[in-house]
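Student: need a structure here:
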Amino acid sequence: MRITQSMLNNQFLLNLRASNERMQQYQDMMATGKRVNKPADDPVSVSYAMRYKSQIANNEQYKRNLDRARSMLDATDDAISKVNALMQRVRELAVQGASDTATIDAKTAIASEVGQLYEELVNLGNTRFNGKSLFNGQMTDQNPYTLANAKNQNSDPNSILVAVADGVNIPINTTGNQVFGQNVGVEPDNAFAIVQDLQTFLLANNSAAISQLIGRIDSRLSKIQNAWADVGGRANRVDLIRNRTEDTGLNLQKLSSDVEDADMAEVITKFKTQESVYRSALSAGARIIQPSLVDFLR
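Tutor: Numbers count the residues shown, from 1 in each chain. The predicted structure follows:
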């Protein structure tokens with residue numbers, strides 16, 4: 001087969017274009033730091049990279065959910081600690097009021113303080129966090145209790161569930177029923193009923209009734225502390241899951257990096273090699289493409 005000058009020229013241009021494309025590919029790698037910049041670079045790696053990116057996005061969402069859960073549990077922990085302290089004070093006042101040595105004036109003064117504690121207890125029952133009711137289940141836009149009728153009111157009993165891992169949902173709220181008790185007709189140790197009854201018995205100078213009330217106070221305190229401990233347990237679980245989620249995120253980032261990121265030392269070496277090849281091709285082409293008659297006529 002006869003090799004013509006035109007064939008040599010065309011082959012030279014094809015080789016030069018291929019060399020230039022390879023150089024461009026390495027330039028893209030150096031500019032982006034990525035080994036894979038488009039699907040054609042490595043279809044298999046692109047598939048893995050897309051999967052890892054999706055998993056990383058899900059993992060980041062779980063971390064945001066865990067942060068939200070921890071914040072709400074911290075707010076609940078703080079509120080319940082205040083309820084517990086208030087009810088401990090109610091118990092102290094009940095013990096004082098049950099004493100036969102306490103005068104009517106003293107009991108009246110104690111009753112006045114108990115009245116203030118009742119109002120504060122209702123305020124705690126209506127505690128809000130980020131503008132939402134903390135103790136009213138899923139009905140976070142409404143307060144569960146009123147000053148006039150708190151002892152006969154129930155909170156919404158439903159839990160707020162948050163996804164913290166694949167297939168794992170945990171409740172992040174504590175209902176008012178768990179802390180303050182269901183209405184007094186269902187639970188006689190309802191916290192609001194206890195405080196109101198104490199005030200009534202103090203004003204009536206009924207020491208015997210106050211003594212009997214202490215048992216109801218102890219019962220409610222035990223339930224408050226159980227609810228408080230449950231919040232602490234869930235907070236610890238959230239922390240453990242958060243640590244595991246952080247580790248998972250680091251592993252996913254490493255896997256994604258292994259698939260996508262370029263070895264810059266290798267890329268630069270290959271780029272310089274390809275640059276030398278390109279320059280050699282240009283030099284060889286200058287020899288292959290012979291001057292024509294037109295060149296002599298210029």
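Student: Tell me which other helices or strands the top helix by length along the chain touches.
Tutor: Assignment by DSSP state H gives helix 43-98 as the longest helix of the chain. Under the contact criterion of 3 or more C-beta pairs under 8 Å, 6 or more residues apart in numbering; DSSP states H and E, helix 43-98 touches helix 104-125, strand 128-129, strand 161-165, helix 176-180, helix 191-203, helix 207-260. (Glycine included, C-beta is placed from N, CA and C.)
Student: Quick check: mean pLDDT of that helix?
Tutor: Over the span of helix 43-98, the pLDDT mean works out to 89.
Student: Stretch 107-121 too?
Tutor: For stretch 107-121, mean pLDDT is 96.
Student: before we move on, what about stretch 133-148?
Tutor: Averaged across stretch 133-148, the pLDDT comes to 96.
Student: Please point out which parts of it sit buried.
Tutor: Going by neighbour count (16 or more other C-beta atoms under 10 Å), the buried part of stretch 133-148 is 133-137, 140, 143-145.
Student: now the residues you listed as TSV including secondary structure and distance to Ser112?
Tutor: Below are the buried residues of stretch 133-148 laid out as TSV (DSSP: H, G, I helix; E, B strand; the rest coil; distance: C-beta to C-beta, whole Å):
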residue	secondary structure	distance to Ser112
Ser133	strand	29
Leu134	coil	28
Phe135	coil	27
Asn136	coil	30
Gly137	coil	34
Thr140	coil	34
Asn143	coil	25
Pro144	coil	26
Tyr145	coil	21
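Student: Just the closest of the residues you listed to Leu161, please.
Tutor: Gly137 (11.4 Å; C-beta to C-beta).
Student: Test my guess that that closest one contacts Thr174.
Tutor: No: if you go by C-beta atoms under 8 Å, Gly137 and Thr174 don't touch, sitting 9.5 Å apart.
Student: Ramachandran coordinates for Asn126?
Tutor: With angles defined as degrees, to the nearest 10, Asn126 sits at phi -100, psi 20.
Student: and the closest residue in space to it that isn't next to it in sequence, what is it in contact with?
Tutor: Of all residues not flanking Asn126 in the chain, Asn143 sits nearest, at 4.1 Å (C-beta to C-beta, 6 or more residues apart in numbering). Applying C-beta atoms under 8 Å, 6 or more residues apart in numbering to Asn143 gives the contacts 125-126, 133, 136.
Student: Would you check how far apart Asn143 and Met87 are?
Tutor: 20 Å (C-beta to C-beta, to the nearest Å).
Student: likewise Phe180?
Tutor: For Phe180, the distance to Met87 - C-beta to C-beta - is 10 Å.
Student: With Asp67 instead?
Tutor: In terms of C-beta to C-beta, Asp67 sits 31 Å off from Met87.
Student: Next: Ala69.
Tutor: Taken as C-beta to C-beta, the span from Ala69 to Met87 is 26 Å.
Student: Nearest to Gln225 among the buried residues of stretch 133-148?
Tutor: For the buried residues of stretch 133-148, the nearest to Gln225 is Phe135 (16.2 Å; C-beta to C-beta).
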